[in-house]
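A.B. asks: Just the structure for this:
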Amino acid sequence: MDTTTGININDKNIKKLSEEDLALLWVEFAKNREDKAIRDKLIVQYIYLIKYVVGRLRVNLPSTIATEDITGCGVEGVLNALGRVH
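C.D. replies: Numbers count the residues shown, from 1 in each chain. So this is what the prediction gives:
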């Protein structure tokens, strides 16, 4: 569970949206950037990328660094990116 958003990134039931539905979600987000529910739906759609990058990084990092910490940084990065999208 990411403490920043409350999203369970290890949820196996995450449904990936179709390209069309994802595009519509982006349009909704552009109209109302303050809506945290829409923002969270976008984050969930990109969780697979965070998991992929964490898996790649994990191989080269010491065991003292927790996977959850790296994943949390990934979610924060997505949050920052969403805040900068115009």
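
A.B. asks: by contact count, what packs against the biggest helix by length in the chain?
C.D. replies: Taking DSSP state H as the assignment, the helix of the chain that covers the most residues is helix 67-84. Contacts defined by 3 or more Cβ pairs under 8 Å, 6 or more residues apart in numbering; DSSP states H and E place helix 67-84 against helix 36-45, helix 47-58. Using the backbone N, CA and C atoms, a C-beta is placed for each residue, glycine as well.

A.B. asks: at 6 Å instead, please
C.D. replies: Helices and strands touching helix 67-84, by 3 or more Cβ pairs under 6 Å, 6 or more residues apart in numbering; DSSP states H and E, are helix 47-58.

A.B. asks: what mean pLDDT does the helix it packs on have?
C.D. replies: What helix 47-58 shows for mean pLDDT is 92.

A.B. asks: can you count the residues close to Ile47?
C.D. replies: 21 (other Cβ atoms under 10 Å).

A.B. asks: Would you quantify the distance from it to Val75?
C.D. replies: 8 Å (Cβ to Cβ, to the nearest Å).
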